[in-house]
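Q: My questions are about this predicted structure, shown below with the sequence.
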Amino acid sequence: MPADCPQPLLQMLCKFSQESQYCRSFRVSVKAFSIATQTEIHSVRMFERMLPEGFIVECGDPRCAQVTLLDAERSLIECSIEKRRREFSMGRHCARLALARLGVAEIAILAGTKREPVWPSGIVGSITHTDGFCAAAVGPASRFLGVGIDVELAEPLDRQTAIAVATDSEANRLSGLDPGLAARLVFSAKESFYKCQFYHTRHWLDFFDVVIELEEQGEFSASLLVDALPLCRGLSIRGRWAVGEGLLFTAIWLPWAA
């Protein structure tokens with residue numbers, strides 16, 4: 001289940017977005033390359049190319065190591081199963097490493113009333129995870145109102161799930177992409193948008209409250225069909241998507257101008 005996903009997505013995500021946020025985490029440096037897998041290196045480069053300058057990304061493989069939570073975070077998952085503990089722990093660990101690169105001192109990343117990560121003052125961020133992969137992105141709130149990232153396995157959705165998250169128009173926009181795979185990509189783009197806008201609006205959006213238009217060359221637009229004040233119906237912002245290492249990547253950000 002995505003680390004910072006809003007309701008009413010949680011139930012649907014439990015069915016087919018089995019994300020995990022445990023990992024062997026690393027920094028984007030020459031030293032880090034010696035311990036990171038090729039998938040990790042490719043993925044962090046992918047996200048940092050997709051996001052504007054100013055964002056920092058950390059990622060890793062949840063199956064490779066355990067990390068230690070800070071005391072204030074540990075109580076949030078004390079009754080959770082081991083898999084969930086690993087997911088939560090590594091999501092926070094990746095986020096802390098990214099924050100450190102922005103000069104933020106080590107801090108507990110707690111959860112809000114809707115289970116969303118609570119970022120330090122002056123920071124916007126997003127966490128995502130899927131089987132064997134976790135990533136966190138953070139940036140300065142002085143430049144951005146929000147950010148959302150999402151990773152999904154590059155596997156087509158079945159028809160029943162696809163029609164629950166994407167319209168036929170959304171899923172068939174790219175003629176060269178299998179409609180089931182395109183539906184998963186649309187889902188990922190919506191998930192990124194929902195995360196991005198939530199910290200600014202605190203508004204829950206349904207799958208059909210936003211329309212995604214996938215474009216060639218790895219871009220997409222996300223347009224609001226409802227008011228999510230202070231964001232208004234008709235707002236459209238740009239995001240980016242990519243495919244690699246058996247994964248789908250989407251990223252979107254909300255500039256102050258929005």
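A: That came through, no problem. Numbering: from 1, shown residues only.
Q: all strands of the chain, in order?
A: Applying DSSP state E to the chain gives strands spanning 25-26, 56-60, 123-130, 133-140, 144-153, 210-215, 219-224, 236-244, 247-255.
Q: Turn these into a markdown table, columns for distance to I163 and mean pLDDT.
A: All C-beta spots, glycine's among them, are computed from the backbone N, C-alpha and C. A markdown table is the format used below for these (distance: least, C-beta to C-beta, whole Å; pLDDT from 0 to 100):
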| stretch | distance to I163 | mean pLDDT |
| --- | --- | --- |
| strand 25-26 | 37 | 32 |
| strand 56-60 | 31 | 89 |
| strand 123-130 | 22 | 93 |
| strand 133-140 | 27 | 93 |
| strand 144-153 | 17 | 96 |
| strand 210-215 | 15 | 98 |
| strand 219-224 | 19 | 98 |
| strand 236-244 | 20 | 95 |
| strand 247-255 | 19 | 95 |
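Q: just so I know, which of these lies nearest G112?
A: Among these, the nearest to G112 by C-beta to C-beta is strand 123-130 (12.5 Å).
Q: Quick one: list the elements packing against the closest one.
A: helix 82-101, strand 133-140, strand 144-153, helix 179-201 (3 or more C-beta pairs under 8 Å, 6 or more residues apart in numbering; DSSP states H and E).
Q: what's the neighbour count on Q217?
A: A count of neighbours around Q217, defined by other C-beta atoms under 10 Å, yields 6.
Q: where does it sit relative to D158, distance-wise?
A: In this view, Q217 and D158 are 28 Å apart by C-beta to C-beta, to the nearest Å.
Q: Same question for L254.
A: Applying C-beta to C-beta to L254 and D158 gives a distance of 32 Å.
Q: next one: D61
A: 27 Å.
Q: can you check F193 too?
A: Taking C-beta to C-beta, one finds F193 at 23 Å from D158.
Q: Between these two, tell me which one has more neighbours.
A: Each of F193 and D158 has its neighbours counted (other C-beta under 10 Å); F193 has more, 27 against 11.
Q: circling back to that earlier point, deepest-packed of the helices and strands packed on strand 123-130, please.
A: strand 133-140 (a mean of 27; mean count of other C-beta atoms under 10 Å).
Q: low-scoring stretches of the protein, by residue?
A: 1-40, 65, 258 (pLDDT under 70).
Q: go again using 50 as the cut-off
A: The model of the chain has pLDDT under 50 over residues 1-2, 5-35.
Q: I77 contacts R86, correct?
A: No. Assessed by C-beta atoms under 8 Å, I77 is found out of contact with R86, at 9.6 Å.
Q: In contact with H200, which residues?
A: The contact partners of H200, taken as C-beta atoms under 8 Å, 6 or more residues apart in numbering, are L145, G146, P230, L231, L254.
Q: Nearest to E73 among the residues you listed?
A: So of the contacts of H200, ranked by how close each gets to E73 (C-beta to C-beta), first place is G146, at 22.4 Å.
Q: my guess is the closest one contacts L254, does it?
A: Yes. G146 is in contact with L254 according to C-beta under 8 Å; the separation is 4.1 Å.
Q: Between those two, which contacts overlap?
A: Contacts common to G146 and L254, judged by C-beta under 8 Å, 6+ apart, are C196, Q197, H200.
Q: what's the spacing between the second one and K114?
A: Computed as C-beta to C-beta, the Q197 to K114 distance reads 13 Å.
Q: Likewise for the first one?
A: Here the criterion is C-beta to C-beta. By it, C196 lies 15 Å from K114.
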